[in-house]
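Asks: I'll drop the sequence and a predicted model, then ask my questions.
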Amino acid sequence: MSQPYPFSAIVGQDDMKLAMILTAVDPGIGGVLVFGDRGTGKSTAVRGLAALLPPIEAVESCPVNAATLDDCPEWAELGSKKIVKKPTPVVDLPLGVTEDRVLGALDIERALTRGEKAFQAGLLARANRGYLYIDEVNLLEDHIVDLLLDVAQSGENVIEREGLSIRHAARFVLVGSGNPEEGDLRPQLLDRFGLSVEVTTPQDIDARIEVIKRRQAFETDTAAFMKRWRAADTRLRKRILAARALLDDVETPEGTMRDATRLCMALGSDGLRGELVLLRAARALAAFEGHPDVLQGHLRRLAAPALSHRLRRDPLDEAGSAARIARSVSEQFGPSLAAAE
């Protein structure tokens with residue numbers, strides 16, 4: 001396996017990096033959708049983040065990365081039962097993948113002839129307790145999208161064939177990327193992503209040159225480059241772990257809840273998922289910054305990533321969703337301090 005590029009060494013793309021960090025603090029936020037140009041570090045970021053996170057403790061031979069023997073599914077044919085440390089899983093879900101490859105395959109003949117639940121685990125099993133990465137998620141086939149929707153909702157993968165039923169935990173952070181010019185994403189799947197961000201190719205010459213320099217240094221002497229960025233990744237890991245420890249103690253004042261609800265109502269977002277995700281992400285941000293309370297400033301920073309992919313298109317408003325949100329934030333909360341200066 002090749003060495004992932006250090007997360008801290010990625011130049012720019014601050015919105016994408018923050019969104020991914022927040023899902024590491026609180027995976028319950030619901031994943032990240034990254035739309036934008038090719039070659040802007042989308043897959044690099046998710047692999048780099050997973051690599052800097054602490055390893056997970058899991059049963060060595062368990063196909064679903066169970067933390068204890070009791071959590072291993074009954075169908076798992078365990079070899080080593082030792083508890084070992086494994087890197088946080090990152091599993092790619094390729095386009096054109098089959099249903100059996102995603103869910104896993106049940107050996108019907110063995111089940112019927114020998115009465116054994118023989119099961120070949122799929123990609124969802126491997127991704128449990130880690131990340132499931134889908135490049136060009138907007139081109140994914142509809143029936144695979146439906147499968148992902150079911151599992152993302154329940155956190156459990158259930159396969160039923162010929163009267164037999166197999167199930168296992170499938171809790172993962174879903175990261176999808178794609179180019180909006182190549183097709184829209186189904187609204188049902190779009191809504192399952194907690195946060196969405198747009199990334200663009202840097203237009204600053206110095207930034208582009210820095211990307212090239214770092215990539216060349218990484219490819220020329222990987223060990224030296226990793227050593228150079230190890231301290232920055234270590235500091236980020238410590239901040240994420242501190243945020244995880246603080247998360248449950250972060251308070252969300254009623255005034256902040258009202259601010260979130262008022263904003264979502266002004267934008268006309270459907271249902272309550274918008275403010276639930278906004279408040280949950282804002283709490284993770286507060287924890288990451290070491291703040292005991294969720295403040296309006298946290299809502300300001302995360303309004304666009306939490307809400308932009310949930311807005312209905314307004315044919316009478318030519319502004320994009322991010323511009324609509326920025327305008328509504330200013331109307332509801334007043335101008336930001338930065339804008340007022």
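Replies: That came in fine, so what should we check first? Numbers count the residues shown, from 1 in each chain.
Asks: ok, which stretches of the stretch 151-300 of the chain are helices?
Replies: Ranges of helices in the stretch 151-300 of the chain, per DSSP state H, counting those that start in this stretch, are 187-190, 205-220, 222-247, 254-267, 273-288, 296-307.
Asks: Spatially nearest residue to D100, not counting backbone neighbours?
Replies: Distances taken as Cβ to Cβ, 6 or more residues apart in numbering place G122 nearest to D100, at 6.8 Å, with adjacent residues excluded. The way it works is simple: take the backbone N, C-alpha and C, and place the C-beta from them, glycine included.
Asks: And the pLDDT for R312?
Replies: For R312, the pLDDT comes out at 69.
Asks: Kindly report the same for D107.
Replies: Value for D107, per-residue pLDDT: 69.
Asks: For the chain, give me the ranges with low pLDDT.
Replies: Per-residue confidence for the chain (pLDDT under 70) gives these ranges: 1, 39-40, 107-117, 162-163, 180, 183, 312-320, 336-341.
Asks: Domain map for it?
Replies: 7-199, 254-334 (automatic domain parsing).
Asks: what's the closest of those to L241?
Replies: domain 7-199 (7.0 Å; Cβ to Cβ).
Asks: From start to finish, how long is that closest one in a straight line?
Replies: Start-to-end span of domain 7-199 (Cα to Cα, to the nearest Å) is 16 Å.
Asks: now it, how far from the centre of its chain.
Replies: 10 Å (Cα atoms, centre = their mean, to the nearest Å).
Asks: ok, now which ones touch M16?
Replies: Neighbouring residues of M16 by Cβ atoms under 8 Å, 6 or more residues apart in numbering: 32, 34, 41-42, 45, 197, 199.
Asks: Need the contact partners of the helix or strand that contains E57.
Replies: Per DSSP states H and E, E57 falls inside strand 56-59. If you take Cβ under 8 Å, 6+ apart as the criterion, strand 56-59 is touched by 65-69, 71-72, 78, 80-89, 129-130.
Asks: picking up where we left off before, can the domains of the chain go into a markdown table with extra columns for distance to F225?
Replies: As requested, those are arranged in a markdown table below (distance: least, Cβ to Cβ, whole Å):
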| stretch | distance to F225 |
| --- | --- |
| domain 7-199 | 7 |
| domain 254-334 | 26 |
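Asks: among those, which is nearest R215?
Replies: That would be, of these and by Cβ to Cβ, domain 7-199, which comes in at 9.2 Å.
Asks: Nearest to V175 among the contacts of M16?
Replies: Set against V175, the nearest of the contacts of M16 by Cβ to Cβ is V32 (5.1 Å).
Asks: Would you confirm that that closest one contacts V199?
Replies: No. Counting by Cβ atoms under 8 Å, V32 stays clear of V199, with 11.0 Å between them.
Asks: which of these two has more neighbours?
Replies: With neighbours defined as other Cβ atoms under 10 Å, V32 and V199 compare such that V32 has more, 27 against 20.
Asks: Look up the residues forming beta bridges with the more buried one.
Replies: Applying DSSP bridges to V32 yields these beta-bridge partners: V175, L195.
Asks: Show me what counts as buried in stretch 135-150.
Replies: Neighbour counts over stretch 135-150 (16 or more other Cβ atoms under 10 Å) mark 135, 137-138, 140, 144-145, 147-148 as buried.
Asks: got the contact list for it?
Replies: 33, 42-43, 92-97, 99, 102-103, 134, 174, 176-180, 182-186, 188-189, 192.
Asks: Could you pull out the strands in the stretch 51-200 of the chain for me?
Replies: Using DSSP state E, counting those that start in this stretch, the strands found in the stretch 51-200 of the chain span residues 56-59, 83-86, 90-92, 104-106, 119-121, 131-135, 156-161, 164-169, 173-178, 195-199.
Asks: by contact count, what packs against the one helix or strand G48 maps to?
Replies: Assigning secondary structure by DSSP H and E places G48 in helix 42-52. Judged by 3 or more Cβ pairs under 8 Å, 6 or more residues apart in numbering; DSSP states H and E, the packing partners of helix 42-52 are helix 14-25, strand 32-36, strand 90-92, strand 131-135, strand 173-178, helix 222-247.
Asks: Could you take these and lay them out as TSV, with extra columns for distance to P54?
Replies: Output for the helices and strands packed on helix 42-52, formatted as TSV (distance: least, Cβ to Cβ, whole Å):
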stretch	distance to P54
helix 14-25	10
strand 32-36	20
strand 90-92	15
strand 131-135	14
strand 173-178	15
helix 222-247	7
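Asks: Now do the contacts for P27.
Replies: By Cβ under 8 Å, 6+ apart, P27 lies in contact with 171-173.
Asks: what's the answer for L190, then?
Replies: Contacts of L190 (Cβ under 8 Å, 6+ apart): 33, 196, 309-310.
Asks: sorry, back to before: among the domains of the chain, which comes closest to R237?
Replies: Closest among the domains of the chain, using Cβ to Cβ: domain 7-199, at 5.2 Å.
Asks: if we take the contacts of P27, which one ends up nearest to A152?
Replies: Nearest to A152, judged by Cβ to Cβ, of these is F172 at 8.5 Å.
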